[in-house]
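*Asks:* show me how the following folds:
(chains A and B)
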Amino acid sequence: MKKSISIAILLLIMIFSVGCWNQRELNDLAIAMAVGFDDVNDNEIELSIQVVQPEEITDPSYFTPVTVYSEIAPTIFEGFRKMTTESPRKIYLPHFRIAVISEQLARKGINDILDMLIRDHELRSDFYILIARDGYTAKDIISIMTKLERIPANKIFSSLKVSDAAWAPTTAVLLDELLIGLATDGQEVALTGITIAGGEKEKAKTKKNVERMDRIATISTKGISVFKDDKLVGWLNEDESKGYSYIMDEVQSTIGRINCPNGGELVVEIMSAEADKTANIKNGKPQIEISITLNVNIGEVACIIDLTDEETIQQLEKNMEEQLEKIVKSTVHAAQHKFNSDFLGFGNLIYKNQPKQWEKLKDNWDEEFPKLSVKYNMKGTINLTGTMEQSFFNKIKEE
Amino acid sequence: MTNTIYHNLDKNLSKIKSDLGNSSDLSIRKIHVNVQKSLLVAILYMEGLSDKDLIETSIIKSLLEKNKDALSIGAILDNVKEKNLTIPKISEVSDYSELYTALLSGETLLLVDGYNKALMANTPKWEARSVDEPSTEAVIRGPKEGFVENIIVNSALLRRRIKDKNLWLETKEIGSVTKTSVSFMYLKDTANDGVVNEVRNKLSQINTDAILESGFIEEYIEDTHYSPFPTVFNSERPDVIAAGILEGRVAILIDGTPFVLLVPALFTHFFQSPEDYYNRSDFGLIRFLRLFCLFIALLGPSFFIALTTFHQETIPTILLVSLAAQREGVPFPALLEAFLMEITFEILREAGIRMPRMVGQALSIVGALVIGQAAVEAGFVSAAMVIVVAITAISSFVIPSYDLAIAIRLLRFVIMILAATFGFFGIIVGLLAILLHLAHLRSFQTPYMTNFGPFIFRNQKDNVFRFPIPSINKNKKTFKPSK
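*Replies:* This next block holds a predicted model:
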């Protein structure tokens, strides 16, 4: 009996001596949805955080649904702590949806930022990393009010997710994917750019932006940035971005244009695109082979064409393969010659398929990469032509 | 003071009167049987406990009519004892304490002048509730009979279901003042002898003044007092008790209460409803639902507290924002908030049981409107917490056994404190402690968690799920002694 009492007392002491470590009530938290990193005063960082005003989401009144706090500090961690001087609540980081890095800062290197984002034990790794482009700062990007989604960070998160699936020139990269890319040998990273469309960004930061039918400015993703090591070196244009998505096998569904045999264009919806990359040895040198198989449906016809004719279809398929090859080639060209950055992961491919070759190449990969020969195998199939055989366009023209 | 009955009738009568404090419900009728011999007989009974009609027709009438020509007092006595009374059961007492027990149990006493023994005629009859639908364990399909307060009727209800000579019944009288009849029934050869002996021993060791309800017996015979979990099963339904007896368990019937006890009781029994077997077997899934509800009832508020105060990173972002919005302006920490709501609910429930039916409506208005809606609108508690407490409360009513529900209700508060101090870690520690305790519990020599641990594979068809009855193994392991 005495023993059990003393055990009970010990247990009680255990409970009360630890107190409620790490216990925090929901209304003591400032839930951060987005974070922005900008380069200021040469080597200081301006840290901006988009914090939710919870009751504004469920019961909107006259406040904005989110608030942006920002702080300038030499290091990020310091910045977060310094922010408590401004925010009445503890900034709660794990619910980040996006992290935006300004182009200027990205050109200097992103390793320092990433280190903090990974090291903090509270952070999850399922948020997207974006690069603010066109001269906008990360703070601008996360300060724009949005419609439909009241939390701008959520808006960006969902639109990235949607367009990643339905629009080839977009690639959404999560923190953990980025880290794998950075840590892999013979592989560079590429991140989606984000910009403000429409002018007057200062006005767009107020509620005015969402009070009109149209909007003053909106945030949209634009292009893919190319990195060399952890530094941004340039941007891919839309075709090159598209090619990037095809090569990386990230296309789930998108839209493509095909030239008609007699002039004009028709638009196809890509139902499936499968990319397969291998590294072979040709004449004692490694060669990359890119095979892409497309299955498309015709979605829109804007030319005079007889879709019931088997030969026409074959001709269209051939055109499609040629055009796809052109797009893919432009991306490879950008990688090899424009930026000399192996963001397509060819080095890693050689390492996986031809490990012995990689041993020889890896030390001066920067010189070898532009010289690498690439073979293209494109295969396109048109499955369906839609609910109409002939375009009524034909009839009109004939008359 | 002597305890035996005197020869003198008047002396006897005055002693009885004074011993009973001149209680006015004692009825005494003196009659002269056989005028020549002037044999005086007194008939004593308690009003309301004995059958007046029977006394009139079978005792008084036959005494008066049949002894007219008797020759001697001895002959008259023999007549009275063996011939006159048309009553099924007659016995003789010579001891006052026995006399009182008999008189107060509804027997009619015949005291004969000059004779130091009393005759007892078995004439008990009192107003009693008839066999009725049990109010605590209602079923949609199944017998609508319930036990009543009369132990004779109750044992008959069981006999009607099991017509087997092996169904044995033993009766004891417990309580030095109340002298309550307590019987136990079991199937010889099916029930474990060890369990039967234990029941017999434990019942005979009970040393108390009064047994008023089965709860008294339960607390005397249960294996451990300091456990929130019930180790004795009780039911108002004869079909449930009969099923238990057929499994080899021992039923304990107590006079004066419709609740019959059943031992040994296992954890899994408290999840079973007779309807599990009466409805088609897909309904066996319901047991799984009950087990699930047990966890909601036990962990509902704790889980919510742990999630919202320790592990916000595990809540989906949108949900977190809406939860945070509800908590804006709530002045109390989540634990206190949960305690407030839980205690409010407990008060409402207790009031709901005790209050007169007529004020039920007033209570529900106060409960639903004032405490539910107004508390949220006033910002004392968050709406999410009200939802959590409500679902917890409803879940606790899904558990068929009220005794187990009480245990869960108690443990819920303990785990809430653990959750508020340690988060999920605390919940796991609490659950492990409960599990250890359950694994340690025994009910009449049987491990409480039998079927789960010790895990008995062939019983699994009738454990968490119920399979079709023909497919439930005929050789299902019961409580037979393991050889």
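*Asks:* quick one, what contacts the spatially most central residue of chain A?
*Replies:* The centre of chain A sits closest to A:Ala172, judged by CA atoms, centre = their mean, with a distance of 2.5 Å. Contact analysis of A:Ala172 by CB atoms under 8 Å, 6 or more residues apart in numbering or on different chains lists A:128, A:160-161, A:163-164, A:192. Every C-beta, even on glycine, is put in place using the N, C-alpha and C of the backbone.
*Asks:* which pLDDT value goes with it?
*Replies:* We have a pLDDT of 83 for A:Ala172.
*Asks:* phi, psi of it?
*Replies:* A:Ala172 adopts backbone torsions of phi -100, psi 130, taken as degrees, to the nearest 10.
*Asks:* separate out the buried members of the contacts of A:Ala172.
*Replies:* A:128, A:160, A:163-164, A:192 (16 or more other CB atoms under 10 Å in any protein chain shown).
*Asks:* per-residue confidence averaged over the host helix or strand of B:Leu54?
*Replies:* Following DSSP states H and E, the helix or strand that holds B:Leu54 is helix B:52-54. For helix B:52-54, mean pLDDT is 85.
*Asks:* got the buried residues for it?
*Replies:* In helix B:52-54, counting by 16+ other CB under 10 Å, buried: B:Leu54.
*Asks:* hmm, who's touching it?
*Replies:* B:87, B:123, B:125.
*Asks:* for that helix, what is the distance to the chain centroid?
*Replies:* 33 Å (CA atoms, centre = their mean, to the nearest Å).
*Asks:* can you name the next helix or strand after it?
*Replies:* That would be, after helix B:52-54 and using DSSP H and E, helix B:61-66.
*Asks:* which elements pack onto that following helix?
*Replies:* strand B:26-33 (3 or more CB pairs under 8 Å, 6 or more residues apart in numbering or on different chains; DSSP states H and E).
*Asks:* okay, buried residues for the strand it packs on please.
*Replies:* B:26, B:33.
*Asks:* quick one: residues in contact with it.
*Replies:* Contacts of strand B:26-33 (CB under 8 Å, 6+ apart): B:13, B:16-17, B:20, B:38-47, B:60, B:63-64, B:67, B:70, B:76, B:80, B:103.
*Asks:* could you point out the longest helix of chain B?
*Replies:* helix B:285-309 (DSSP state H).
*Asks:* that helix and chain A in contact?
*Replies:* Yes - contact between helix B:285-309 and chain A, assessed by CB under 8 Å from any CB of the partner chain, occurs at B:308-309.
*Asks:* and that helix, how far from the chain's centre?
*Replies:* For helix B:285-309, the distance to the chain centre is 28 Å (CA atoms, centre = their mean).
*Asks:* now do stretch A:50-61
*Replies:* 27 Å.
*Asks:* quick check: which element contains A:Lys139?
*Replies:* A:Lys139 belongs to helix A:138-141, assigned by DSSP H and E.
*Asks:* residue boundaries of the strands in the stretch 1-150 of chain B?
*Replies:* Under the criterion DSSP state E, counting those that start in this stretch, strands of the stretch 1-150 of chain B are mapped to B:26-33, B:39-46, B:90-93, B:108-112, B:118-121.
*Asks:* what are the buried residues along the next helix or strand after the last one?
*Replies:* Just to be clear, that refers to strand B:118-121. As assigned by DSSP H and E, the chain's next helix or strand after strand B:118-121 is helix B:151-161. For helix B:151-161, a neighbour-count test (16+ other CB under 10 Å) marks B:151, B:154-155, B:157-158, B:161 as buried.
*Asks:* also stretch A:165-173?
*Replies:* In stretch A:165-173, counting by 16+ other CB under 10 Å, buried: A:167-173.
*Asks:* which of those residues sits closest to chain B?
*Replies:* A:Ala172 (16.4 Å; CB to the nearest CB).
*Asks:* among the strands of the stretch 1-150 of chain B, where is the model least confident on average?
*Replies:* strand B:90-93 (a mean of 82).
*Asks:* run through the neighbouring helices and strands of that strand.
*Replies:* So strand B:90-93, by 3+ CB pairs under 8 Å, 6+ apart, packs with strand B:118-121.
*Asks:* run through the neighbouring helices and strands of the host helix or strand of A:Lys155.
*Replies:* When elements are assigned from DSSP H and E, A:Lys155 belongs to helix A:152-166. Counting contacts by 3+ CB pairs under 8 Å, 6+ apart, helix A:152-166 packs against strand A:29-40, strand A:98-102, strand A:128-132, strand A:218-228.
*Asks:* isn't B:Phe288 up against B:Val464?
*Replies:* Yes - using CB atoms under 8 Å, B:Phe288 is in contact with B:Val464, at 5.6 Å.
*Asks:* what do those two both touch?
*Replies:* By CB under 8 Å, 6+ apart, no residue touches both B:Phe288 and B:Val464.
*Asks:* so where's chain A shaky on pLDDT?
*Replies:* A:15-21, A:389-399 (pLDDT under 70).
*Asks:* write out the residues of it neighbouring chain B.
*Replies:* Close to chain B, as judged by CB under 8 Å from any CB, chain A has residues A:15, A:18-20, A:22-27, A:29, A:31, A:33, A:52, A:54-59, A:92, A:94-95, A:97, A:122, A:124, A:151, A:154.
*Asks:* at 6 Å instead, please
*Replies:* A:15, A:20, A:23, A:25-27, A:52, A:54-55, A:57-58, A:94-95 (CB under 6 Å from any CB of the partner chain).
*Asks:* how about these, which pair is most distant?
*Replies:* A:Ile15 and A:Ile57 (36.0 Å; CB to CB).
*Asks:* more neighbours: which of these two?
*Replies:* A:Ile57 (19 against 14; other CB atoms under 10 Å in any protein chain shown).
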